[in-house]
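Student: Take a look and give me a structure for this.
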Amino acid sequence: MKRFLLTLAALAILLPVLTAELPMRAQAQSVNTSASPEQQRPELGLDGIATPPLRVLQDARHPEILNQVRVSQRVIIRISPSTPDARERMMATLPRQSDRDEFEEVPHPDCIDIEDIAGVTSTQDNRLLLFMRNREVLAASLERACTARAFYSGFYVERSTDGRLCIGRDQLQSRAGASCEIAAINRIVAAGN
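Tutor: As a prediction, the model looks like this:
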């Protein structure tokens with residue numbers, strides 16, 4: 001009795017699929033009989049119009065249509081603020097002539113390597129102090145409309161093709177959303193050097 005019920009349940013499930021497939025097969029056969037003998041192919045089982053469960057198999061036989069793909073790459077570099085201990089150590093390595101802390105600024109070339117920046121801190125006079133890996137300290141003046149306070153937690157910069165950060169070319173992005181260019185870069189040295 002259980003086998004009979006299982007057989008009836010299986011037939012009940014397959015009945016909608018079979019009834020939907022019969023008109024489609026008849027239509028496919030009428031198309032095949034009107035074709036020339038060269039165009040007729042042997043029946044492989046998946047040549048007819050497939051029902052939705054079998055459409056996946058039919059679609060797998062057709063080559064995939066490829067569209068043009070464009071790959072672009074952006075590298076964003078984050079320069080984080082340096083710790084107070086690191087700033088103190090870097091400032092201590094600057095040569096001094098006297099006991100007083102006197103520093104002066106000398107002009108620096110217009111570009112610096114981004115990978116050489118070890119840390120950054122903002123100053124009250126609207127500049128960023130860049131602490132370099134070679135123990136130099138650079139003062140980067142921002143353009144007039146920008147405020148250095150927006151860069152208290154560092155900045156992001158998109159890596160250029162030459163890997164350098166240049167005056168008037170590259171945009172510094174703060175984590176707060178500000179976007180600024182560097183107006184000038186000066187190197188900080190001990191007074192008299």
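Student: ok, the residue lying closest to Leu142 once chain neighbours are set aside - contacts?
Tutor: Using CB to CB, 6 or more residues apart in numbering and skipping the chain neighbours, the partner closest in space to Leu142 is Cys180 (4.9 Å). C-beta coordinates here come from the backbone N, C-alpha and C atoms, glycine included. By CB atoms under 8 Å, 6 or more residues apart in numbering, Cys180 lies in contact with 142-143, 145-146, 150-151, 171-172, 174.
Student: Assumed Cys180 was part of a helix.
Tutor: No. Cys180 is assigned strand when assessed by DSSP: H, G, I helix; E, B strand; the rest coil, not a helix.
Student: Identify the bridge partners of it.
Tutor: Per DSSP bridges, the residues bridged to Cys180 are Leu172.
Student: Now do stretch 140-147: distance from first to last residue.
Tutor: Chord length of stretch 140-147, first to last residue, is 12 Å (CA to CA, to the nearest Å).
Student: Could you pull out the buried residues of it?
Tutor: 140-142, 146 (16 or more other CB atoms under 10 Å).
Student: Then stretch 157-177?
Tutor: Within stretch 157-177, judged by 16+ other CB under 10 Å, the buried ones are 157, 159, 164-165, 167, 170, 172-174.
Student: For that stretch, which outside residues touch it?
Tutor: Contacts of stretch 157-177 (CB under 8 Å, 6+ apart): 74-77, 79, 110-115, 117, 128, 142, 150-151, 153-156, 179-185.
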